[in-house]
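Student: pasted the sequence and its predicted model underneath.
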Amino acid sequence: HVQLVESGGGLVQPGGSLTLSCAASGATFSSYSIAWFRQAAGKEREGVARIRLYYPTWYADSVKGRFTISKHNANTLYVEMNSLKPEDTAMYYCAADRLGRYPVTPGNFAYWGQGTQVTVS
């Protein structure tokens, strides 16, 4: 039973930084595609960043140069978010998929966490 649990969200001022964590369990995630998504109020869920062993790391254009996705080990995922803007305010979700399909869209990820709220204000 795959479980993903996010943590680290909160309130931060514009220009500030925040690091989100995702703890994964229930499978060996070393070869999985793991990503961060976000969903702002009234908007569709969108991909933020994706990481997968032996593949290039992917970032949405809106976060390139400000966000960094990383894995501490096979089952812990992070996203370091710098120079945060009010438009980064959203619920952030960790997602995983064994197949590693492109593009980085919600339909291509089978497993999801419950989300952690990030508010930039």
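Tutor: Received it, and whenever you're ready, just let me know what you need. Only a predicted model underlies this, so the values are computations on that prediction, with no experimental measurement involved.

Student: count the neighbours of the closest residue to residue 113 other than its chain neighbours for me.
Tutor: Computed as C-beta to C-beta, 6 or more residues apart in numbering, the closest residue to residue 113 that is not its neighbour in sequence is residue 4, at 3.6 Å. Using the backbone N, CA and C atoms, a C-beta is placed for each residue, glycine as well. The local packing of residue 4 (other C-beta atoms under 10 Å) involves 23 other residues.

Student: then residue 97?
Tutor: For residue 97, the count of nearby residues is 18 (other C-beta under 10 Å).

Student: what sits against the residue nearest to residue 113?
Tutor: Listed by C-beta atoms under 8 Å, 6 or more residues apart in numbering, the contact partners of residue 4 are 22-24, 94-96, 111-113.

Student: export those to JSON lines and tack on distance to residue 74?
Tutor: Written out in JSON lines, the entries for these read as follows (distance: C-beta to C-beta, whole Å):
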{"residue": "22", "distance to residue 74": "12"}
{"residue": "23", "distance to residue 74": "11"}
{"residue": "24", "distance to residue 74": "8"}
{"residue": "94", "distance to residue 74": "14"}
{"residue": "95", "distance to residue 74": "16"}
{"residue": "96", "distance to residue 74": "11"}
{"residue": "111", "distance to residue 74": "14"}
{"residue": "112", "distance to residue 74": "18"}
{"residue": "113", "distance to residue 74": "16"}
